[in-house]
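>>> give me a 3D structure for the following:
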Amino acid sequence: MTKTAKINDIRNIGIIAHIDAGKTTVSERILYYTGRSHKIGEVHDGEAVMDWMVDEQERGITITSAVTTCPWKGHDIHIIDTPGHVDFTIEVERSLRVLDGAIGVFCAVGGVEPQSETVWRQADKYHVPKLAFVNKLDRIGADFFNTVEMIKTRLKATPLVLQLPYGVEESFSGIIDLIHMKAVIWDDDNLGATFSDQEIPAEEMDRVTVYREQLMETLAEVDDGIMEAYLSETPVDTATVMAAVRKAVIALKLVPVLCGSALKNKGIQPLLDAVIAYLPSPADVPPMQGIHPESGAPVICPPQDNMPLAALIFKVAMMETRKMTFVRVYSGRLEAGKEVYNPFRKRKEKVSRLLQMHANKRERLDVAGAGAIVGVVGLKASSTGETLCQVDHPVLLENIEIYEPVISVAVEPKTHSDQDRLQEVLGKFVDEDPTLRVKQDEDTGQMILSGMGELHLEVIISRMQREFNTQVNVGKPQVVYRESIAQAAGGTAVFDKEVAGQRHYGEVRLTIHPLSRGGGNHFTSKVDETVLPGVFVNAVAQGVMESLGSGPVMGYPVVDVAVELTGAGFKESQGSELAYRVSAAMACNEALAGAQGYLLDPIMKVEVIVPEEFMGDVIGDLNARSGKIDAIAPKVGVQSIMASVPLARMFGYSTALRSATQGRGTFSMHFSHFDQA
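Okay, the predicted model is just below:
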């Protein structure tokens with residue numbers, strides 16, 4: 001394979017789909033037919049090359065997006081096989097951010113499934129041109145045309161059928177190519193590596209003519225040249241049709257639909273041909289635009305090797321305990337052994353090695369040009385979503401949108417040796433996964449691990465034990481509340497004691513009253529400095545703030561109150577900071593006890609994206625959770641529900657939402673404010 005392919009010969013594509021639609025199986029066939037692997041690995045045997053992580057092999061799902069490069073007819077195809085499970089949405093998001101095209105894989109039995117809608121919308125967000133591959137046509141109940149219809153209705157896309165299945169279910173043996181008007185039949189003896197082009201059987205010609213006519217009509221609607229030829233009934237040659245399809249795909253007007261059965265080794269080679277023919281090279285998409293880190297002025301990064309470097313880190317992975325950074329080069333050249341600049345961190349980093357990735361295997365490169373997707377070893381501080389550039393040409397590329405975690409668990413080490421390792425191991429996971437958060441609960445001392453769903457956290461804990469030999473106990477997290485008060489109250493306290501042979505005296509009178517939500521805590525003094533010297537007023541303020549750290553209801557911090565020092569007693573030579581700090585805390589506790597304290601719930605801002613037919617059930621469930629619906633907005637094919645819901649009522653919501661919407665609803669939530677429980 002050429003070390004630096006010409007930019008027009010590069011395709012950066014992702015394979016996106018619902019869980020179990022056959023993404024990884026399609027990837028495995030691509031690797032086999034392009035000569036990248038010499039044996040077909042099957043997901044159900046736990047042997048897929050792209051699912052190299054032990055947790056992936058055990059569960060039979062993709063968790064981390066794997067990167068590989070393979071040659072096809074003089075082109076280099078960089079492929080990212082992405083997860084289908086909703087808990088690993090960030091993996092899809094950051095992959096789509098750096099891809100130029102995508103293959104959406106659909107199960108011919110299930111059609112367009114829920115997570116397919118989610119990943120399709122993510123691809124739309126980044127304006128990624130797409131092909132659709134209808135897989136599993138050999139299965140009982142397979143319905144190619146139903147899937148095409150669902151692409152139209154559920155994804156609001158315009159499908160362009162380029163192939164028809166030849167035979168159905170167990171008699172499926174090949175495809176009919178409507179562009180070249182030929183039948184392609186696979187040889188079952190040779191793992192699908194050999195196939196033959198044949199004349200279209202006579203009994204199929206009527207059906208084929210109808211669909212070829214439909215293809216030309218759909219194309220004519222988006223291409224003026226085809227429209228003229230169509231209206232004047234002038235025959236159009238194949239090259240012109242293919243050029244028109246490519247133009248429409250890159251302009252996001254059409255989605256070509258192909259078909260096959262990856263498990264039965266049929267349909268993959270024409271899919272690869274379609275990737276080359278219809279999906280864009282890095283030179284065909286608009287150049288990446290960034291901003292100057294200081295001035296904020298726009299900076300264009302054209303896809304050319306002789307321009308200043310602009311590259312985006314889209315993923316960090318721990319491979320064999322070493323940090324591997326995955327980078328997409330948009331402009332310029334990335335060279336092994338050279339320094340690069342990270343404008344976000346304002347520091348230089350050294351590129352020790354450049355690697356061409358093949359799942360978890362790799363080969364070394366000296367240089368990577370514009371359009372390349374490579375692994376980099378040696379970057380110490382740089383993280384997901386950050387830019388690499390040159391010091392004299394700084395640029396910041398648009399960051400990757402990070403989802404806020406929605407579920408937390410408490411973890412604690414099982415043994416003393418695990419205690420030392422836990423912090424370090426969690427640090428590595430946070431570097432690798434921007435949707436994972438770790439914080440120490442100050443009240444319980446526990447480590448709180450927050451992620452995108454139960455499966456996400458399960459996998460992290462499993463990897464912690466398996467890859468880093470760190471054993472932990474996992475518990476249910478507790479909601480951390482706040483407290484406030486309903487009415488004003490006063491308190492008085494005198495501290496008069498002998499401590500270490502010295503008399504300490506301090507007398508404090510203060511009042512406390514509630515502030516509006518979000519008002520914070522304030523301390524003011526009405527006492528003149530001639531009555532109480534300023535140094536002791538500061539000690540009073542300190543004692544008050546310490547007292548507000550633990551409220552009268554359940555010991556949570558008190559918020560949104562104003563405390564006023566209204567009077568003080570002072571004895572010359574006996575007054576001390578200790579005395580005034582302690583008496584202030586005692587007076588404040590007395591005032592809090594009489595101020596009708598109450599609990600404040602953490603309220604989450606929740607956005608639920610759901611197909612219209614499930615809206616009633618979802619809104620009913622949010623109301624049952626004491627939620628308040630703030631807004632409902634239509635999006636393409638779905639509705640977006642914005643609501644405010646107490647955090648304590650959101651545990652287990654991901655499971656409830658999936659069962660209420662047949663798995664088609666997704667949600668995100670983040671902290672909004674505290675409010676009365």
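>>> mind checking how far residue 119 is from residue 512?
Note on residue 119: its distance to residue 512, by C-beta to C-beta, to the nearest Å, is 53 Å. Backbone N, C-alpha and C define where each C-beta goes, glycine included.
>>> sorry, slip of the keys, the one I care about is residue 73.
From residue 73 over to residue 512 the distance is 78 Å, taken as C-beta to C-beta.
>>> those two - which one has more neighbours?
Neighbours were counted for residue 73 and for residue 512 using other C-beta atoms under 10 Å; residue 512 has more, 25 against 12.
>>> is the more buried one in a helix, a strand, or coil?
What DSSP: H, G, I helix; E, B strand; the rest coil gives for residue 512 is strand.
>>> so the nearest residue to it once chain neighbours are set aside: helix, strand or coil?
Among residues not flanking residue 512 along the chain, residue 591 sits closest, at 4.3 Å (C-beta to C-beta, 6 or more residues apart in numbering). Assigned by three-state DSSP, the conformation of residue 591 is helix.
>>> residue 591 against residue 513, yeah?
No - when contacts are counted by C-beta atoms under 8 Å, residue 591 is not listed as touching residue 513 (9.3 Å).
>>> now for the two: what residues contact both?
residue 489 (C-beta atoms under 8 Å, 6 or more residues apart in numbering).
>>> the two: who's more crowded?
residue 591 (26 against 15).
>>> distance of that one relative to residue 249?
70 Å.
>>> pLDDT below threshold where in the stretch 301-450 of the chain?
Where the stretch 301-450 of the chain drops to pLDDT under 70, the residues are 319-321, 358-361, 399-407, 442-445.
>>> okay, and residue 388 sits in which element?
Using DSSP states H and E, the element containing residue 388 is strand 387-389.
>>> which elements pack onto that strand?
Strand 387-389 is packed against strand 310-319, strand 339-342, with contacts defined by 3 or more C-beta pairs under 8 Å, 6 or more residues apart in numbering; DSSP states H and E.
>>> out of those strands, deepest packed?
Highest mean neighbour count among these (mean count of other C-beta atoms under 10 Å): strand 310-319, with a mean of 23.
>>> can you name the next helix or strand after that strand?
Downstream of strand 310-319 (by DSSP H and E), the next one is strand 322-331.
>>> so which elements touch the next helix or strand after that next one?
Using DSSP H and E, the helix or strand that follows strand 322-331 in sequence is strand 334-335. Where contact means 3+ C-beta pairs under 8 Å, 6+ apart, strand 334-335 is packed against strand 367-368.
>>> how about residue 308, what does it touch?
301, 331-332, 389-390, 392-393, 395.
>>> now those residues: which count as buried?
Among those, those classed as buried by 16 or more other C-beta atoms under 10 Å are 301, 331-332, 389, 393, 395.
>>> what would these look like in CSV with distance to residue 655?
Output for these, formatted as CSV (distance: C-beta to C-beta, whole Å):
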residue, distance to residue 655
301, 43
331, 44
332, 47
389, 44
393, 49
395, 43
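>>> between those residues, which is nearest residue 416?
Looking at the buried ones among the contacts of residue 308 and their distance to residue 416, the nearest is residue 389, at 44.9 Å (C-beta to C-beta).
>>> just give the number of residues close to residue 415.
Residues near residue 415, counting by other C-beta under 10 Å: 11.
>>> and residue 294, by the same measure?
9.
>>> what residues does the residue lying closest to it once chain neighbours are set aside make contact with?
With sequence-adjacent residues excluded and distances taken as C-beta to C-beta, 6+ apart, residue 294 is closest to residue 394, at 7.4 Å. For residue 394, the residues meeting the contact criterion (C-beta under 8 Å, 6+ apart) are 292-294, 341, 343.
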